[in-house]
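Participant: Okay, here's the prediction I keep looking at, along with the sequence it came from:
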Amino acid sequence: MKQFEDLVKLLINPNGSAPIYNCLLYLNDTKRNIKNTGAFGQMYASGGAIESNYRFRIGSITKTFTATVILQLMEEGALQLDDHYLDCLKNSETKKIFSELLFFEGINYSSHITIKNLLQHKSGIRDYFADDERFFKCIMDFPNQNWDWKKIMEKYFEYNLNEKGVFKPNTDFYYSDTNYLLLAVLIEELTNMPYHEALEKRILSPLSLNDTYLEFYQSKKGAAPIIFPFHGMYSLKNVNTSFDWGGGGLISSANDLDIFLRSLLTGQLFKEVETLQLMMNFDDDNMNIPSKRGRISHGMGLQQKKIGDHYFIGHNSAYGGMMFYDLETKFSIILAINQVLAPHKAEWLMKKLVEDFIS
């Protein structure tokens, strides 16, 4: 790993307002039967050795798991992607809570939102976390607060985010964690079990992902330590991040994420190959969306990055995490730098790894 260590050393910096104390790196080239794993840096500002099998908060990579369950439910006939979200809710109280979810230019479009809109971030719904700084302040003021989806949505409505819709459903793209909170609520209603139990039954247990679990909702798995992320100079170790839930609440390891992504993208988690093709449709509706003109395109719980001649499919996270796989070369990259304020540096590292060691 000496060649990788020299590259990662350019990234790790314990100084400044957004220090990067560590990096977990996992590269798997199954065509050439080459696997490299490494752990660099230290766990905390004060030190602490790390190993490559340590776990970490995977943040928005969780969205890929959530989307997978939704598409499994579609295959089972429990829903159709063009169904309106409110029509799919069986609980009248839940339906009432979401009946004024999205206003745009004073008009209520809540009943127009489809499941497909949520999966593709085309609902126009604001992000309960990113679109009002009061939510993060509340988290830091009450770090032990345990969040369920109703408490989260109370804040969403308290901040009047429902009245500030970005656009009418299915007319543009806007990345929002709220979309995947709503999808996790739907999973609970359609499966008649808690979201984390549905994940366990449908993905985690069948794939033997023994390092992966929904933090704050599920009993801790395994004995490997967890490397917690930083927000600037502040460790989030003792901050209850249960608000991430269906959009970002999983703990996992690089090995587990590699197993999951390869299983997903080789069709092992669906009955029909067409389902995977739907999930990976990165040019849906041929919409002229700014994000699609750059290096990152969005499907359903999946992102596609073009680096050189390679197209990597997977998802990233605000914690500086990457989970990507190239269908052509069968090469996967999993990495985590565990710093909320430096996701661009994780992007830089992935790009360098592809350019220097794959291309």
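Facilitator: Thanks, I have it.

Participant: the helices in the stretch 101-250 of the chain, which residues?
Facilitator: 115-119, 133-141, 149-158, 177-191, 195-199, 245-248 (DSSP state H, counting those that start in this stretch).

Participant: Throw the ones you listed into a markdown table and include mean pLDDT and mean neighbour count, thanks.
Facilitator: Any C-beta I mention is one placed from the backbone N, CA and C, and that applies to glycine too. Converted to a markdown table, the helices of the stretch 101-250 of the chain look like this (pLDDT from 0 to 100; neighbours: other C-beta atoms under 10 Å):
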| stretch | mean pLDDT | mean neighbour count |
| --- | --- | --- |
| helix 115-119 | 98 | 25 |
| helix 133-141 | 96 | 13 |
| helix 149-158 | 98 | 17 |
| helix 177-191 | 98 | 23 |
| helix 195-199 | 98 | 23 |
| helix 245-248 | 98 | 26 |
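
Participant: tilt between the helix or strand residue 62 falls within and helix 177-191?
Facilitator: Residue 62 is part of helix 62-75, with elements assigned from DSSP states H and E. Put simply, helix 62-75 runs at 40 degrees to helix 177-191, going by axes from the mean of the first three to the mean of the last three C-alpha atoms, to 10 degrees.

Participant: For helix 62-75, could you pull out the residues that count as buried?
Facilitator: 62-74 (16 or more other C-beta atoms under 10 Å).

Participant: Show me what whatever helix or strand comes next after it is packed against.
Facilitator: Counting by DSSP H and E, the next helix or strand C-terminal to helix 62-75 is helix 85-88. Using 3 or more C-beta pairs under 8 Å, 6 or more residues apart in numbering; DSSP states H and E as the contact test, the elements touching helix 85-88 are helix 115-119, helix 177-191.

Participant: Please compute how far the first one lies from its chain's middle.
Facilitator: It stands for helix 115-119. 15 Å (C-alpha atoms, centre = their mean, to the nearest Å).

Participant: ok, and what's touching it?
Facilitator: Outside helix 115-119, the residues within contact range by C-beta atoms under 8 Å, 6 or more residues apart in numbering are 67, 70, 79-83, 85, 88, 122-124, 169-170, 179-180, 182-183, 186, 300-301.

Participant: Count the neighbours of residue 3 for me.
Facilitator: 9 (other C-beta atoms under 10 Å).

Participant: isn't it right next to residue 357, touching?
Facilitator: Yes: under the criterion of C-beta atoms under 8 Å, residue 3 makes contact with residue 357 at 7.4 Å.

Participant: Show the contacting residues for residue 71.
Facilitator: Residues near residue 71 by C-beta under 8 Å, 6+ apart: 270, 275, 278, 279, 300.

Participant: per-residue pLDDT, residue 295?
Facilitator: Listed pLDDT for residue 295 reads 68.

Participant: ok, now residue 359?
Facilitator: 70.

Participant: I'd like the mean pLDDT over stretch 167-174, please.
Facilitator: 97.

Participant: ends of that stretch, how far apart?
Facilitator: 9 Å (C-alpha to C-alpha, to the nearest Å).

Participant: Could you pull out the buried residues of it?
Facilitator: 167, 168, 169, 170, 172, 173, 174.

Participant: what do you get for stretch 233-243?
Facilitator: Buried, per 16+ other C-beta under 10 Å, within stretch 233-243: 235, 236, 239, 240, 241, 242, 243.

Participant: From the rest of the structure, what touches that stretch?
Facilitator: Taking C-beta under 8 Å, 6+ apart as the rule, stretch 233-243 contacts 17-19, 44-45, 57, 128-129, 135, 139-140, 143-148, 152, 215-217, 228-230, 248-249, 340.

Participant: what's the answer for stretch 199-209, then?
Facilitator: 65, 68-69, 72, 193, 212-214, 218, 250, 252, 256, 259-260, 263, 269.

Participant: element containing the closest residue in space to residue 27 that isn't next to it in sequence?
Facilitator: Nearest-residue entry for residue 27: residue 36, 4.5 Å, with adjacent residues in sequence omitted and distances by C-beta to C-beta, 6 or more residues apart in numbering. Taking DSSP H and E as the definition, residue 36 sits inside strand 34-41.

Participant: what mean pLDDT would you report for that strand?
Facilitator: On average, strand 34-41 scores 94.
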